[in-house]
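Chemist: mind looking at a prediction? Sequence and model below.
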Amino acid sequence: MPPPSSPTVFVVDDDAAIRKAVLRLLRSAGIAAAAFASPSEFLAQHDPTSPGCLVLDIAMPGFNGLQLQTALGEKGSSLPIIFLTGHGNVSKSVQAMKHGAFDFLTKPVKDRDLLTAIRAAIETDAFVRLEKAKMSEILAHLDTLTPREREVLEHVAAGKLNKQIAGDLSITEATVKMHRARVMVKMKVQSVAELARLAERCGIRGTNSLESAA
């Protein structure tokens, strides 16, 4: 298999001819791919950190495509899934899309349509992974704050001035400025506006005086 850093298209289909055809198409397009004859085989070897997408047959004996989608969802996987079906089953299509399927294509699928869907899925996966990495970094910075620095951050997120924060926390404005400066260094931001945006992104909505009094 390609290294985890390389986007890989995982093809899961119990039809050997389909697997071979899709692999040939992907390799001719310069896209790394790995094929599996069953969902169980895929799950046994899948590394959740591997970027890419999943091209998945929806109708397979035993453990089918929809069940694999559910299993991956329960594991917290965000791997985009492109379903393939030879039956054009509308109800299954709706079920798959409701559970977050990236696309749903009917066999026989045109090479161009499949490649377009795959490239879009890989791009989406890369974006989602990047955003997750950014959020993990932000949360790691947040964890370095002291309880008092966290309080100051919550007040800054509420749009309060240093004088207001000082009054709410019963400390001097100079102390507020010191804590705010430390928070900005730890959160690696250059402005109060940027700090407020990061706080909101982390779900910190801020604390107002009425809430504090209550």
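Modeler: Perfect, I can see it now.
Chemist: quick test: name the residue nearest the centre of this structure.
Modeler: Val128 (3.9 Å; CA atoms, centre = their mean).
Chemist: now the strands for the protein?
Modeler: Secondary structure of the chain (DSSP state E): strands at 8-12, 33-36, 52-57, 81-85, 103-106.
Chemist: on that earlier part again, can you tell me the closest non-neighbouring residue to the residue nearest to the centre of the chain?
Modeler: Ser78 (5.2 Å; CB to CB, 6 or more residues apart in numbering). Where C-beta positions appear, they are placed from N, C-alpha and C, glycine not excepted.
Chemist: again with Phe36
Modeler: Once flanking residues are discounted, Phe36 sits nearest to Phe42: 4.1 Å by CB to CB, 6+ apart.
Chemist: who are the contact partners of the one you found?
Modeler: Contacts for Phe42 (CB atoms under 8 Å, 6 or more residues apart in numbering) come out as Phe10, Val12, Phe36, Leu54, Leu68.
Chemist: distance of the third one from Ile122?
Modeler: Right, the one you point to is Phe36. Phe36 sits 18 Å away from Ile122, taking CB to CB, to the nearest Å as the criterion.
Chemist: same question for the second one.
Modeler: Summarising the geometry, the distance separating Val12 from Ile122, computed by CB to CB, is 16 Å.
Chemist: these two: which is more packed in?
Modeler: Between Val12 and Ile122, counted using other CB atoms under 10 Å, the more crowded position is Val12 (25 against 19).
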